[in-house]
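**Student:** please find the sequence and the predicted model below.
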Amino acid sequence: MNDCIFCKIIRGEIPSQKFYEDEDMIIIADIAPQAPKHYLMIPKEHYPDIIAMTDEQAVTLGRCLKKVSTLVDRLGLEDGFRLVSNKGAVAGQTVGHLHVHILGGATLNTTMA
Ligand code: 5GP
Ligand code: ZN
């Protein structure tokens, strides 16, 4: 857990461009954006992915997603956005700390894979 990149960002040991923080999560800019607006919503509690998520963590994640809906103006996502969470290498997951990509700022490619 200590060498997890996102835990280090949450603890402030690695700098990030932070757009929002509360007791449950942070929202930061992705370091390698794949859309004009590309954020990462990262729950503060470390767990690898949605399969490992407990019922309690699922409740927290739901609260985080609801919060995102109130932040669209602050994030410049008034026209719409996409949420993505990769599970496993086949899906492209590279960081083993659950996170949700928030993508927007343009008309996105509708191909899902
Ligand atoms: P995944 O590939 O696991 O779904 O998403 C991981 C994301 O984290 C990638 O989009 C990658 O660009 C981003 N990322 C990796 N390291 C860092 C970092 O140190 N800072 C920030 N802001 N994003 C990172
Ligand atoms: Zn972590």
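**Tutor:** Nice, I can see it. Ligands and ions are numbered 1, 2, ... in the order given.
**Student:** pLDDT on the host helix or strand of M41, on average?
**Tutor:** Following DSSP states H and E, one finds M41 within strand 37-43. If you average the pLDDT over strand 37-43, you get 98.
**Student:** now for it, which elements pack on it?
**Tutor:** Under the contact criterion of 3 or more C-beta pairs under 8 Å, 6 or more residues apart in numbering; DSSP states H and E, strand 37-43 touches helix 5-11, strand 25-29, helix 55-69, strand 100-104. For glycine as for every other residue, the C-beta is placed from the backbone atoms N, C-alpha and C.
**Student:** run the angle between the third one and strand 25-29 for me.
**Tutor:** To tie it back to what came earlier, the one meant is helix 55-69. Using axes from the mean of the first three to the mean of the last three C-alpha atoms, to 10 degrees, the inter-axis angle of helix 55-69 relative to strand 25-29 is 50 degrees.
**Student:** any bit of helix 55-69 sitting next to ligand 2?
**Tutor:** No - Helix 55-69 stays clear of ligand 2 (C-beta under 5 Å from the ion), getting no nearer than 12.6 Å.
**Student:** just the buried residues of whatever helix or strand comes next after that helix, please?
**Tutor:** Sequence-wise, the next helix or strand downstream of helix 55-69 (DSSP H and E) is helix 72-75. For helix 72-75, burial by neighbour count (16 or more other C-beta atoms under 10 Å) applies to L75.
**Student:** send the alpha carbons of helix 72-75 over as CSV?
**Tutor:** Extracted C-alpha coordinates of helix 72-75, given in CSV (Å, rounded to 0.1, in the frame of the first residue of the first chain):
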residue,chain,number,x,y,z
VAL,A,72,-19.6,19.4,-13.5
ASP,A,73,-19.3,23.2,-13.7
ARG,A,74,-16.0,23.2,-11.7
LEU,A,75,-14.6,20.5,-14.0
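**Student:** right, is the helix or strand following that helix up against ligand 1?
**Tutor:** Note on helix 72-75: by DSSP H and E, the next helix or strand toward the C-terminus is strand 81-84. No - using C-beta under 6 Å from any ligand atom, strand 81-84 never reaches ligand 1; the gap is at least 7.4 Å.
**Student:** for strand 81-84, buried residues please.
**Tutor:** Per 16+ other C-beta under 10 Å, strand 81-84 contains these buried residues: F81.
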